[in-house]
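[1] my questions concern the predicted model and sequence given below.
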Amino acid sequence: MDKLDKPKLLKKGAEATIYFSNWYGKEIVIKSRNVKNYRHPKLDEKIRRFRTMHEPQLMNEAKKAGVSTPTIYLVDTKKMLIIMEFIHGKQIKHILMNLSKVKRQNLCFNIGKLVAKLHISGIIHGDLTTSNFILNDYNKLILVDFGLAEKQIETEAKGVDLHLMKRGLQSTHNQFAEDCFRKIMEGYSKIVGDSFTKVIFKKIREIELRGRYIEERKIK
């Protein structure tokens, strides 16, 4: 591609490899979907092409729903690349423990509102963690990495999305995970209402009990 500086590796994951570069004077992120050798080549190409197209579409839908995401500059379905805006800011994972209680609660409340806006629009993020929320230089929350996102209206999927967020908080911010998740759900309720939030709480509890049962069976 013209005017593209030599990319620098940022992250190599199971699904994709992420690079940083400059392109026509813009700081960018290049997301390249990894080949899966265990899949038949034609099937692998079909899956990677679909996901390369689908991810930007869902990011655009998220924007329409009121959730800020990186700007997409280019989608290349031959090379399986997405070129998007590089977000200047800090991952919530790295700043949550350094905030005052009030600021932490406000931040989590706002995260909950964004998740609710996603769910109302029928988008399941699939990887809701504090690593994928970035507070940019203008104190605006940006949601990134829609690689596992999908269109889904089922309550089960929404419960799984939020259960993942809860598990992530317990894993990385255990000392205030309960308070953070409570504020996230308060923010969620602000958008979807108390009645539906109660339904989601019940679903999260079902998922937790299901997981506990599976673990107990493994031990036996």
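    Looks like it arrived, so ask away.
[2] can you give me the domain boundaries for this protein?
    Annotated domains of the chain cover 8-85, 89-219 [automatic domain parsing].
[3] now those domains as a markdown table including mean pLDDT and mean neighbour count?
    No exception for glycine: its C-beta is placed from N, CA and C like everyone else's. Output for those, formatted as a markdown table (pLDDT from 0 to 100; neighbours: other CB atoms under 10 Å):
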| stretch | mean pLDDT | mean neighbour count |
| --- | --- | --- |
| domain 8-85 | 94 | 15 |
| domain 89-219 | 93 | 17 |
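[4] all strands of the chain, in order?
    For the chain, the strands defined by DSSP state E cover 8-12, 16-23, 26-33, 72-76, 81-85, 89-91, 123-124, 133-136, 141-143, 150-151.
[5] out of the ones you listed, nearest to residue 62?
    Minimum separation from residue 62 across the strands of the chain (CB to CB) falls at strand 123-124, 5.9 Å.
[6] how far does stretch 142-160 sit from the chain's center?
    8 Å (CA atoms, centre = their mean, to the nearest Å).
[7] nope, stretch 34-54 is what I meant
    Here stretch 34-54 shows a centroid-to-chain-centroid distance of 21 Å under the convention CA atoms, centre = their mean.
[8] please begin residue numbering at 476 from this point
    Sure, I'll start counting at 476 from here, so that last one is stretch 509-529.
[9] any residues touching that stretch, and which ones?
    488-492, 508, 550-552, 555-557, 622, 624 (CB atoms under 8 Å, 6 or more residues apart in numbering).
[10] go on, stretch 484-494?
    Contacts with stretch 484-494, where a contact means CB under 8 Å, 6+ apart, come from 482, 483, 495, 504, 505, 506, 507, 508, 509, 526, 622, 623.
[11] same thing but 6 Å
    Stretch 484-494 is contacted from outside by 482, 495, 505, 506, 507, 508, 509, 622, using CB atoms under 6 Å, 6 or more residues apart in numbering.
[12] can you give me the helices in the protein?
    Taking DSSP state H, the helices of the chain run over residues 516-539, 567-570, 576-595, 630-647, 652-667, 669-694.
[13] wait, which of those helices is closest to residue 546?
    Set against residue 546 and scored by CB to CB, the helices of the chain come closest in helix 516-539, at 8.9 Å.
[14] now the helices of the chain as a markdown table including distance to residue 603?
    Shown next, in a markdown table, are the helices of the chain (distance: least, CB to CB, whole Å):
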| stretch | distance to residue 603 |
| --- | --- |
| helix 516-539 | 12 |
| helix 567-570 | 11 |
| helix 576-595 | 7 |
| helix 630-647 | 4 |
| helix 652-667 | 9 |
| helix 669-694 | 12 |
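[15] of the ones you listed, which is nearest residue 611?
    Nearest of the helices of the chain (CB to CB): helix 567-570, 11.3 Å.
[16] put the alpha carbons of the closest one into CSV.
    In CSV, the C-alpha atoms belonging to helix 567-570 read as follows (Å, rounded to 0.1, in the frame of the first residue of the first chain):
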residue,chain,number,x,y,z
ILE,A,567,-9.3,0.9,31.5
LYS,A,568,-7.5,-2.2,32.7
HIS,A,569,-4.4,-0.1,33.5
ILE,A,570,-6.1,2.9,35.1
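[17] now the strands of the chain as JSON lines including distance to residue 663?
    Converted to JSON lines, the strands of the chain look like this (distance: least, CB to CB, whole Å):
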{"stretch": "strand 483-487", "distance to residue 663": "28"}
{"stretch": "strand 491-498", "distance to residue 663": "28"}
{"stretch": "strand 501-508", "distance to residue 663": "28"}
{"stretch": "strand 547-551", "distance to residue 663": "27"}
{"stretch": "strand 556-560", "distance to residue 663": "27"}
{"stretch": "strand 564-566", "distance to residue 663": "21"}
{"stretch": "strand 598-599", "distance to residue 663": "14"}
{"stretch": "strand 608-611", "distance to residue 663": "14"}
{"stretch": "strand 616-618", "distance to residue 663": "14"}
{"stretch": "strand 625-626", "distance to residue 663": "19"}
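[18] all set, thanks.
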